[in-house]
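1. Sequence and predicted structure, then a few things I'm wondering about:
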Amino acid sequence: MRLFLLALALASLTLPALAVADTATPTPKELLARSQPREWRTPDPANLLDMKLPGGHVLIELAPHFTPLHAANIRTLVHEHYFDGLAIVRVQDNFVTQWDDPAADDEDKAHIKPLGSAKQSLPPEYTRPIDPRLEWTSLPDGDVYAPQVGFSEGFPVARDPAAGREWLTHCYGAIGVARDVDPHSGNGSALYAIIGQAPRGLDRNLAIAGRVIQGMELLSAMPRGPAPMGFYTDKAQRVPIESVRLAADLPPAQRPKIEVLRTDSATFAKLIEAKRNRRDAFYTAPAGKIDLCSITIPSREAK
């Protein structure tokens, strides 16, 4: 620690204090403090899930513009309280936290929870046609996995203009739909959250139903299951899901009070640029670039 502090002190001496002040990029905290109320949006209650775990609440925003069939099926499951009493069954280090019916892998299928009126199978929604009506904030630095990347409707998105297709990406916090080999087997009854380095190779191979906008630390800090897949072999490690509710089903006074920074706002553009070219007393060599999954979309409690 002393060596780190010494290095930091020496780094601060490499530029005159006045020069650092003149060239330093604003911090995210400073940029957000200057943001305007119109730059923040309240998630649609019909697309906002509140998952209650023993340690707190995880808020998930669904992505009906990109995966409408899965969003509708998940809403049905939530309306009918399907997820209540299920559990976190898998936590694979640097990959995913997954929740499902714990009985799904039992040899005796007698105790599997029925899906109610939700659909058993759905067509794969891995990509969708590019819709010019949806807002789009392009990231200028390119991408290994797609010709274009950026943000749309509050989600990190990749595009292939030549093919006319776009898709949600497996960035940290993405909520994916687990499935078997059959592409039609993912119905939203088993979901996972990306908790590690973005596994972008999954893009266009699994449906992404939404993303975590609050409470991500609850999912990423859980005990890891054993290798190779992270499924808990000790049932005592499974974390029970107390309930999942759609905000629209709750009385207005009980709905989560949260706002998300618009990804088509001027402040969000400034946040991207500040991260691309960060400079201060410690960061004296700006990267000049940033990858899609290194950008966090800010949220805050609604005022």
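-> Cool, the structure landed. All values reported here derive from a predicted model rather than from experimental measurement. Numbering: from 1, shown residues only.

2. Tell me where this protein has helices.
-> 2-12, 17-23, 28-33, 68-79, 216-220, 266-276 (DSSP state H).

3. Worst mean pLDDT among those helices?
-> The minimum mean pLDDT among the helices of the chain belongs to helix 2-12 (a mean of 40).

4. So for the chain, the centremost residue is which one?
-> Centroid check for the chain by C-alpha atoms, centre = their mean gives residue 173 as the closest residue, at 2.7 Å.

5. and residue 95, how many neighbours does it have?
-> Around residue 95 there are 18 other residues, counting by other C-beta atoms under 10 Å. The way it works is simple: take the backbone N, C-alpha and C, and place the C-beta from them, glycine included.

6. Over to the one 10 residues further on?
-> Taking other C-beta under 10 Å as the neighbour definition, residue 105 ends up with a count of 11.

7. Please tell me how far it sits from residue 238.
-> From residue 105 across to residue 238, the span is 12 Å (C-beta to C-beta, to the nearest Å).

8. Then residue 48?
-> Remark: distance between residue 48 and residue 238 (C-beta to C-beta) = 25 Å.

9. Just name the shakiest helix or strand of the protein by mean pLDDT.
-> Lowest by mean pLDDT, DSSP states H and E among the helices and strands of the chain is helix 2-12, with a mean of 40.

10. quick one on the thing from earlier: need the residues touching each of residue 105 and residue 238.
-> Taking C-beta atoms under 8 Å, 6 or more residues apart in numbering as the criterion, residue 105 and residue 238 both touch residue 89.

11. Now do the strands in the stretch 51-200 of the chain.
-> Taking DSSP state E, counting those that start in this stretch as the criterion, the stretch 51-200 of the chain carries its strands at 56-62, 87-91, 96-100, 128-129, 137-138, 148-152, 155-160, 165-168, 174-177, 191-194.

12. Pull out the buried residues from stretch 169-189.
-> Within stretch 169-189, the residues that count as buried by 16 or more other C-beta atoms under 10 Å are 169-179, 183, 186-189.

13. Next: stretch 134-150.
-> Buried residues in stretch 134-150, counted by 16+ other C-beta under 10 Å: 136, 139, 143, 145, 146, 148, 149, 150.

14. Take these and lay them out in CSV including distance to residue 93 and pLDDT.
-> Listed next are those as CSV, based on distance: C-beta to C-beta, whole Å; pLDDT from 0 to 100:
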residue, distance to residue 93, pLDDT
136, 34, 97
139, 28, 96
143, 25, 97
145, 22, 98
146, 26, 98
148, 31, 98
149, 26, 98
150, 30, 98
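
15. Among the residues you listed, which one lies nearest to residue 249?
-> Nearest to residue 249, judged by C-beta to C-beta, of the buried residues of stretch 134-150 is residue 136 at 31.4 Å.
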